[in-house]
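Student: 3D model of this:
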Amino acid sequence: MAGTGGIAEMSMTQSEALAALHRVFGYEAFRGEQEAVIEHVVAGGDAVVLMPTGGGKSLCYQIPALVRPGTGVVVSPLIALMQDQVDALRALGVRAGFMNSTQDFDERRVVEAEFLAGELDLLYLAPERLRLDSTLDLLSRGKISVFAIDEAHCVSQWGHDFRPDYLALSLLGERWPDVPRIALTATATRATHQEITQRLNMPTARHFVASFDRPNIQYRIVPKSDPKKQLLSFLREEHAGDAGIVYCLSRNSVEKTAEFLSRNGIEAVPYHAGLDAGTRAAHQSRFLREDGLVVVATIAFGMGIDKPDVRFVAHLDLPKSVEGYYQETGRAGRDGLPSTAWMAYGLNDVIQQRKLIQSGEGDEAFRRRAAMHLDAMLALCETAQCRRGQLLAYFGQDPDPAGCGNCDTCLTPPETWDGTIAAQKVLSTVVRLQRERGQKFGAGQIIDILLGKRTGKVIQFDHDQLSVFGIGTELSEGEWRGVVRQLLAQGLVAVEGEYGTLVLTEDSGAVLRQEREVPLRKEPKKPVAARSASSGTAGSSGSGRGRTKAAAAELPEELLPAFEALRAWRAEQAREQGVPAYVIFHDATLREIVTVWPTSVAQLGGVGGVGEKKLATYGEGVLAVLASLGGTSGTSAPAPAHHAEPGGDDWPETDAEPEPEQDDWI
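Tutor: You can find the predicted model right below:
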């Protein structure tokens, strides 16, 4: 009898979860691991969930919070965007609130009263607040349905975004042992995964690891020559009018790049921790609420950005780790439509990152970890194999041996060549300088010597008298920079000191003694054309329709006017309510609406992403727009399968002031 009851209870919770998914979010079925995670948590089990950005992590705790009695408490470091997250949930009819340092006393009191009265489905808290006895006392006086620990990788001291306040979250299991906990992140290696489990004290948690693949994102890395001009060409040729993020390492570079883009007709704003809080908030708000705006930023930006139609993420400087790169590029294409992760990468990036590790704070163990992170990032940049496969392998996932077909190395396979002799020439020059002259120089001087250039510095130090002077004229300066860059990436030469001088490593001798070959990849001659992730043909990018092209890529030409009309209606609704346009409807939902072309509220209710609250609020308005365009489509295709859209889950921010960034050394 007990077994039968358990089956009946499980069936009931499954039914309730699906009913909540349809009623609130407007979808008929879960996708991937969502259903298994939700069933486990609703039944009272702890869970550790690794799921990529855009994979729908938020639903994994939002649905249990709606199904289980009490309030779901979400521990999130995303205080800058809690208001937007709560607004988006309220637009769905979910009773949500938050408590953080942006509120005044009276605002917090209202939320506390709602929680104690059982009038909240979800309550968002910054981790810092759980250090306060007043917060713990408040939670102990209410009914909690589930604890969700978002951005759980922040607990890992081996991870790329460690937050000390996360270390105290193990108390949740100790103080509320009967409340299920779910820890979620989009970015974790196996080591980070283990550390999350240990530090949060979740030994009995069930682990759910979804694929890290984001097939709609095209990964491309180009040799850096004039990065701002390269970026401008990329935006004009492939993403005219699209919303996107450009990452730079220094504040000075952020300011200059944003100014350069604005001067050349690309609407762009800067974002970094050196700007005052009001300016940062204004620029972030514009990005969320406007179409086609570009934000140029340090990694201070991106904290919880839930904007689904970010069509590109560009890097003008090398990220410090694969985790950081994956997290940052993952902000593109959350709606599943074709998007681009583009990076310009060069020799100076490698040298500067090596210098930062050597000169930075932290003990030797910290520097070793930083060097390991950088080595993995360099391997991703220098690989001649599928770039997506390299990325997935880093996170412990088996890649497709045939390649992905949607990264630069798959679309235009790079040539490789035997660079052993070239490597020997570089290393010999380093040896001659150090042993014969007692000198150390950077890559520029090494290359000038190999090319036989009698520059002022070469003449000053009599380097034209070295036996290696002029022995490298078979390669161009750009090709030699590629050789040095790859030698640095392979650990065959190292950077030393404040000025980034080149020195030999333990592995250099094997090359000089002809005991080791050095395969190198040739520098690409031309950029890779953008392609659709699904079809392999030109798709998401280019000028013409600009920002709507990716969203409308699969629509017949005759449906585009209706799609544009709905976007215009949505923009007006968003302006009136002071919320981002995607809070009203995602582009994917608008695309399905014009494909189905509903003529009644009941038909509109069958469209993915149209839950009960949105149907009641916006149904008549949508139908009025379609009716104004002259009746029904007549050519509508079957509606695509409904899938759960992701909730708000991205990069963390603390409840404290932003941490200082690296000074402007570029």
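
Student: For the rest of this, base every contact and every neighbour count on C-alpha atoms.
Tutor: Noted.

Student: Now do the nearest residue to Val24 once chain neighbours are set aside against Gly56, distance only.
Tutor: Using CA to CA, 6 or more residues apart in numbering and skipping residues adjacent in sequence, the residue nearest Val24 is Gly611, 4.9 Å away. Counting by CA to CA, to the nearest Å, the gap from Gly611 to Gly56 is 16 Å.

Student: can you give me the helices in the stretch 251-400 of the chain?
Tutor: Ranges of helices in the stretch 251-400 of the chain, per DSSP state H, counting those that start in this stretch, are 251-263, 277-289, 322-329, 347-359, 364-382, 387-394.

Student: any chance of those helices in CSV, with distance to Glu128, mean neighbour count and mean pLDDT too?
Tutor: Output for the helices of the stretch 251-400 of the chain, formatted as CSV (distance: least, CA to CA, whole Å; neighbours: other CA atoms under 10 Å; pLDDT from 0 to 100):
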stretch, distance to Glu128, mean neighbour count, mean pLDDT
helix 251-263, 27, 19, 96
helix 277-289, 19, 17, 89
helix 322-329, 23, 22, 90
helix 347-359, 29, 19, 84
helix 364-382, 25, 18, 84
helix 387-394, 31, 21, 91
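
Student: Among those helices, single out whichever gets nearest to Leu623.
Tutor: helix 277-289 (23.7 Å; CA to CA).

Student: Can you name every helix or strand that that closest one contacts?
Tutor: strand 268-271, strand 294-297 (3 or more CA pairs under 8 Å, 6 or more residues apart in numbering; DSSP states H and E).

Student: deepest of those, which one?
Tutor: Here the criterion is mean neighbour count by mean count of other CA atoms under 10 Å, and of the helices and strands packed on helix 277-289 the winner is strand 294-297, at a mean of 27.

Student: Contacts made by it with the rest, please.
Tutor: By CA atoms under 8 Å, 6 or more residues apart in numbering, the list of residues contacting strand 294-297 from outside reads 242-248, 251, 254-255, 257-258, 266-272, 283, 287.

Student: Touching, Tyr166 and His153? I think so.
Tutor: No: with contact defined as CA atoms under 8 Å, Tyr166 does not reach His153; the gap is 9.1 Å.

Student: The helix or strand in which Glu237 is found - what's its average pLDDT?
Tutor: Element membership for Glu237 (DSSP states H and E) is helix 227-238. The predicted model gives helix 227-238 an average pLDDT of 96.

Student: Pull the distance from that helix to the chain's centre.
Tutor: Taking CA atoms, centre = their mean, to the nearest Å, the mean C-alpha location of helix 227-238 is offset from the chain mean by 21 Å.

Student: Would you mind writing the CA trace of that helix as CSV?
Tutor: The C-alpha trace of helix 227-238 is given here as CSV (Å, rounded to 0.1, in the frame of the first residue of the first chain):
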residue,chain,number,x,y,z
PRO,A,227,41.1,45.2,-33.0
LYS,A,228,38.7,48.2,-33.0
LYS,A,229,38.6,48.3,-36.8
GLN,A,230,38.2,44.5,-36.9
LEU,A,231,35.3,44.8,-34.5
LEU,A,232,33.7,47.6,-36.5
SER,A,233,33.8,45.5,-39.7
PHE,A,234,32.4,42.5,-37.8
LEU,A,235,29.5,44.5,-36.5
ARG,A,236,28.7,46.3,-39.8
GLU,A,237,29.0,43.2,-42.0
GLU,A,238,27.3,40.7,-39.7
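
Student: Go through that helix and flag the buried ones.
Tutor: Residues of helix 227-238 classed as buried by neighbour count (16 or more other CA atoms under 10 Å): Pro227, Lys228, Gln230, Leu231, Leu232, Phe234, Leu235, Arg236, Glu237, Glu238.

Student: what packs against it?
Tutor: Counting by 3+ CA pairs under 8 Å, 6+ apart, helix 227-238 packs on helix 251-263.

Student: Show me what the helix it packs on is packed up against.
Tutor: helix 227-238, strand 268-271, strand 294-297.

Student: Name the strands paired with the last one and say parallel or antiparallel.
Tutor: Looking back up the chat, that one is strand 294-297. With DSSP bridges as the test, strand 294-297 is paired with strand 244-247 (parallel), strand 268-271 (parallel).

Student: Low-confidence bits of this protein, can you list those?
Tutor: Within the chain, the segments meeting pLDDT under 70 span 1-14, 80, 157-162, 303-304, 524-554, 631-666.

Student: Which one of the strands paired with strand 294-297 lies nearest to Arg31?
Tutor: Here strand 244-247 is closest among those (CA to CA), at 26.8 Å.

Student: Distance check, the nearest residue to Glu119 once chain neighbours are set aside against Thr71.
Tutor: Spatially, and ignoring its direct neighbours in sequence, Glu119 is nearest to Arg95 (7.0 Å; CA to CA, 6+ apart). According to CA to CA, Arg95 and Thr71 sit 9 Å apart.

Student: farthest residue from the center of this structure?
Tutor: Most distant residue from the mean C-alpha position of the chain: Gln465, 50.7 Å away (CA atoms, centre = their mean).

Student: Next, it: phi, psi?
Tutor: The phi/psi pair for Gln465 (degrees, to the nearest 10) reads phi -90, psi -10.

Student: residues in contact with it?
Tutor: Contacts for Gln465 (CA under 8 Å, 6+ apart) come out as none.

Student: That one and Leu59: what is the separation?
Tutor: From Gln465 to Leu59 the distance is 69 Å (CA to CA).

Student: What about Met99, how many residues nearby?
Tutor: 21 (other CA atoms under 10 Å).

Student: Next, the contact list for it, please.
Tutor: The contact partners of Met99, by CA under 8 Å, 6+ apart, come to Arg108, Val111, Leu123, Tyr124, Leu125, Ala126.

Student: Recalculate using a threshold of 10 Å.
Tutor: Met99 is in contact with 79, 82-83, 107-109, 111-112, 123-126, 129, 135, counting by CA atoms under 10 Å, 6 or more residues apart in numbering.
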